[in-house]
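Chemist: structure of the sequence below:
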Amino acid sequence: MLTSDKTTKEIFKDHQRAPKLPNFGMGKRVALLNVDLQRRYTDTATFASAYEADPEQLPLVNELSRTVRRLGMPVIWTFVAYLPGGADCGWWGVRSQSPMALQNVGHDSPQAEIDARLDVDRVHDLMLHKRMGSAFFETHLPSYLTFNRIDTVIVTGGATSGCVRATVVDAMSHGYRVIVPEECVADREDWAHYASLYDIAVKYGDVVPARKLLADLAQLASAETSDAA
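Modeler: I've put the predicted structure just below:
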């Protein structure tokens, strides 16, 4: 096993400067999958479970959402919530009896609400309830992506080392290209965030600046227009 005196951020930045492998790239049909951008994790003024993110995270997620909608492709928002008493929370519901424990996030809880700063199209976007880390686990996400002929999944949200990483691994395992806009994911711990970004970039998907992704989506829109002409 290799060891290093560098921080995980330094290791990830070293990889960005000199990647040893090429990116997977973007296909022709994308879905934007925004993972758990609910107040439990984004509302730092109210909930101790929330964590700081890049100040541009939510504005960039909004810009990506608008861009993907203009392409006529799906935008998906996941959230976690449980039955009263956490009856469907599984083993996640047994480690803590704190009022802020995960199993206490009910469907009508403010913690389950998507952050109001996000522009959600309640008519056209898919609101996807999940109970575990991956957005693919025991949800209808696979059939929804298949029906929409998706070949690339863009993943934002949190936490980078938890539900984002689990979703990225499952997306890649289901045969999708995966893209993670770096500023649009966040975690409670700096070291876990960068270790996961490195892990994703080396094994499971592309980690790119959000502005580059927006530029790539603009090119995709141009290509669609040319094909339609």
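Chemist: show me where the protein has its helices.
Modeler: Taking DSSP state H as the test, the helices found in the chain are 8-17, 39-42, 57-70, 141-147, 165-173, 190-199, 210-228.
Chemist: any idea how far the second one is from the chain center?
Modeler: Going back to what we said before, that points to helix 39-42. Mean-position distance between helix 39-42 and its chain equals 14 Å (Cα atoms, centre = their mean, to the nearest Å).
Chemist: verify the stated contact: residue 101 with residue 93.
Modeler: Yes: counting by Cβ atoms under 8 Å, residue 93 is a contact partner of residue 101 at 7.3 Å. Glycine gets a C-beta too; all of them are placed from N, C-alpha and C.
Chemist: pull up the overlap in contacts between these two.
Modeler: Shared contacts of residue 101 and residue 93 (Cβ atoms under 8 Å, 6 or more residues apart in numbering): residue 86.
Chemist: tally of neighbours for residue 137?
Modeler: Burial of residue 137 is recorded as 14 neighbouring residues (other Cβ atoms under 10 Å).
Chemist: next one: residue 160
Modeler: For residue 160, using other Cβ under 10 Å, the count is 28.
Chemist: which residues sit in contact with the closest residue to residue 184 other than its chain neighbours?
Modeler: Leaving aside its sequence neighbours, residue 184 sits nearest to residue 156 (Cβ to Cβ, 6 or more residues apart in numbering; 3.8 Å). Listed by Cβ under 8 Å, 6+ apart, the contact partners of residue 156 are 32-35, 37, 57, 61, 64, 164, 180-181, 184-185.
Chemist: bridged to residue 156, which residues?
Modeler: Beta-bridge pairing of residue 156 under DSSP bridges involves residue 34.
Chemist: so where's the chain uncertain?
Modeler: The chain contains residues with pLDDT under 70 at 228-229.
Chemist: next up, the contacts around residue 28.
Modeler: Neighbours of residue 28 in contact, by Cβ under 8 Å, 6+ apart: 151, 152, 220, 223.
Chemist: and the nearest residue to residue 39 once chain neighbours are set aside, how many residues sit next to it?
Modeler: Nearest residue to residue 39, sequence neighbours excluded (Cβ to Cβ, 6+ apart): residue 113, at 5.0 Å. By the criterion of other Cβ under 10 Å, residue 113 has 15 neighbours.
Chemist: circling back to that earlier point, including neighbour count and distance to residue 69, could the contacts of residue 28 go into TSV?
Modeler: Shown next, in TSV, are these (neighbours: other Cβ atoms under 10 Å; distance: Cβ to Cβ, whole Å):
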residue	neighbour count	distance to residue 69
151	14	18
152	24	16
220	20	13
223	11	17
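Chemist: ok, so of these, who is nearest residue 7?
Modeler: Closest to residue 7 out of the contacts of residue 28 is residue 152 (30.8 Å), distances taken as Cβ to Cβ.
Chemist: so which residue is dead centre in this structure?
Modeler: Nearest to the geometric centre of the chain sits residue 156, at 2.9 Å (Cα atoms, centre = their mean).
Chemist: any idea how far residue 106 is from that one?
Modeler: 25 Å (Cβ to Cβ, to the nearest Å).
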